[in-house]
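J.: Dropping a prediction and its sequence here:
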Amino acid sequence: MSPNIPRSGQGGQSDQLSTDHLLGIPDLTLQDIELIFRTADSFKEVLARPIKKVPSLRDITIANLFFENSTRTRISFELAEKRLSADVVNFSSSSSSVKKGETLIDTVNNILAMKVDMVVMRHPDPGAAVFLSKHVDARIVNAGDGTHEHPTQALLDAYSIREKLGSVKGKRVVIVGDILHSRVAISNIHCLHKLGAEVMLCGPPTLMPRHVASLGVKVEHDLDKALAWCDVANMLRIQLERQGGDGLALFPSLREYAMLYGLDGDRYRRSGKDLVIMHPGPINRGVEVTSEVADHANSIILDQVHNGVAIRMAVLYLLAARIPRDN
Amino acid sequence: MQAVPILDSKAFGLTVNRLCYQLIEDHDDLRNTVLLGMQPRGVLLARRIRRELGRILAHDEFLYGELDITFHRDDFRQRTLAPSTTQLDLSLEERKVVLIDDVLYTGRSIRAGLDALLSFGRPSAVQLLVLVDRRFERELPIAPDYVGRWVDSIAGQRVSVEWKEAEGKDQVLLLTSGAADERENAAKDTGHKPTPTRK
């Protein structure tokens, strides 16, 4: 038993985030990340109850602005918001006035004029969330800005590793595939480094960003060598939609990619280890991973999705706690 | 700068013992009643009561849980709230529940507890057991069913329930202003400052 059990409402450890918005992982301190994880633990328990809902955010209104397609992230955020009892408005660019030429600031300010407290935004342009946070009066959660950051994905990935392996510190994680176009990779690298893990990137040279040396990571072009090194393999999706043109500008064929950088059962067994398999989704079965690996006992792909709701509840709860209540 | 003992270790033990016998009077062998401790400090009393009941009744088949009420409080965004863990692996549907907390004061925690426990089903009845009832400061219409000790205190005073398991000694103290400040230094109430909204 802990010798210092706090009295009601008196947290012992730091129990507030150091930031008003979640724009990217570099804005978070290690204490922030640990606070988010502890809070997510509590929300995981809430999600296992017969009634999976708490009233904390009942006077908070959240707008989900998705200027880019998303299934999993949008549903995950929406469920998280509803399970916190927030009021939710959804908006996607295909059905909006953006098509009529309205600017981002005008669109968002029009929504805020209807008394919205928080904005969850996905946008195809890197930096869109930071830009918005400087120009509108609402708390911003970045749900992916182009090829820049996707902080809640990195948090849920690290949280899932912590859950599976007990801790993130000292673990070796290889991120495989399309690093160049991956906001998941950038956010993951920052988050894993803050938590004390070692990170390696693996993929064809054409899919490595030019500034890769500045990220403080190892780079390996041979997947078998990378797998021999790591404890966890995070297999990224090939983002054909970001390659421009006919979609295959950076490697010759999907088949060749799958042969060199896809993870199948044979390659998994050859590593001789109980590697933990992750994938941020959506999976191209047979390209990044085969069905055998995706559905393997050490695959935590569905745990990532499950944990995503708890992590997003924690982020929204902790950011909302910093919005003063006007009486 | 004054700490007046309300219960010393001996009286503390006798009081917990009496509460156990009162529970047995109303709930027989307690095999069909859920003991539900409230986080963070009520669970210490709930664990002690479970242990004592086990000794008296010579069985350990109690329906037991620990409930965190953080997400059900009415002062979210007015003060900093850190959640503890809820452990309740049974349904409360159609069961008798005894909610257990160390100190009953304004009644707001108990209101949140009543709200929180409804997420686990609709109990047939809910009772409240507290070690200390500060009966003159209630802000809500809530009354306990089992009380260890009534304390008539004024605003500015604080009741501190200390446990052998946590603080090294079983005792209840009434702290007046200066002493209350000192005791609270370790786990200070960090009433949070509103952050300015961005322009």
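T.: Cool, got the structure. Residues are numbered from 1 along each chain as shown, chains lettered A, B, ... in the order given.

J.: Please write out the alpha-carbon positions of stretch A:38-54 in CSV.
T.: What follows is stretch A:38-54, C-alpha atoms only, in CSV (Å, rounded to 0.1, in the frame of the first residue of the first chain):
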residue,chain,number,x,y,z
ARG,A,38,-2.5,7.4,-15.7
THR,A,39,-5.8,9.1,-16.7
ALA,A,40,-6.3,6.8,-19.6
ASP,A,41,-5.9,3.8,-17.2
SER,A,42,-8.9,5.2,-15.3
PHE,A,43,-10.9,5.7,-18.5
LYS,A,44,-10.1,2.1,-19.6
GLU,A,45,-11.8,1.0,-16.5
VAL,A,46,-14.8,3.2,-17.3
LEU,A,47,-15.0,1.7,-20.8
ALA,A,48,-15.3,-1.8,-19.2
ARG,A,49,-18.3,-0.8,-17.1
PRO,A,50,-21.9,-1.8,-18.0
ILE,A,51,-22.6,1.9,-18.5
LYS,A,52,-19.6,3.4,-20.3
LYS,A,53,-20.2,7.0,-19.7
VAL,A,54,-19.2,9.7,-17.2
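
J.: Tell me the buried residues in that stretch?
T.: Within stretch A:38-54, the residues that qualify as buried are A:38-47, A:49, A:54, counting by 16 or more other C-beta atoms under 10 Å in any protein chain shown. Any C-beta I mention is one placed from the backbone N, CA and C, and that applies to glycine too.

J.: next one: stretch A:23-30
T.: Quick answer for stretch A:23-30 (16+ other C-beta under 10 Å): A:23-25, A:27-28.

J.: Let me have those in JSON lines, extended by distance to B:Pro40 and pLDDT.
T.: What follows is the buried residues of stretch A:23-30, written out as JSON lines (distance: C-beta to C-beta, whole Å; pLDDT from 0 to 100):
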{"residue": "A:Leu23", "distance to B:Pro40": "33", "pLDDT": "97"}
{"residue": "A:Gly24", "distance to B:Pro40": "33", "pLDDT": "97"}
{"residue": "A:Ile25", "distance to B:Pro40": "30", "pLDDT": "97"}
{"residue": "A:Asp27", "distance to B:Pro40": "30", "pLDDT": "95"}
{"residue": "A:Leu28", "distance to B:Pro40": "26", "pLDDT": "97"}
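
J.: Looking at the residues you listed, which one is closest to chain B?
T.: A:Leu23 (12.1 Å; C-beta to the nearest C-beta).

J.: Where is the longest helix in the chain?
T.: As the question left the chain open, I've gone with chain A. Using DSSP state H, we find that the single longest helix of chain A is helix A:301-320.

J.: look at chain B instead
T.: Longest helix in chain B, counting by DSSP H: helix B:9-27.

J.: what number of residues lie near residue 21?
T.: As the question left the chain open, I've gone with chain A. 22 (other C-beta atoms under 10 Å in any protein chain shown).

J.: could you do chain B instead?
T.: Residues near B:Tyr21, counting by other C-beta under 10 Å: 11.

J.: now A:Val212: how far from chain B?
T.: With distances taken as C-beta to the nearest C-beta, to the nearest Å, A:Val212 is found 34 Å from chain B.

J.: mind listing what that residue touches?
T.: By C-beta atoms under 8 Å, 6 or more residues apart in numbering or on different chains, the residues touching A:Val212 are A:179, A:201, A:219.

J.: Now a PyMOL select for only the buried ones of those residues.
T.: Buried residues within the contacts of A:Val212, by 16+ other C-beta under 10 Å, are selected in PyMOL with:
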select buried, chain A and resi 179+201
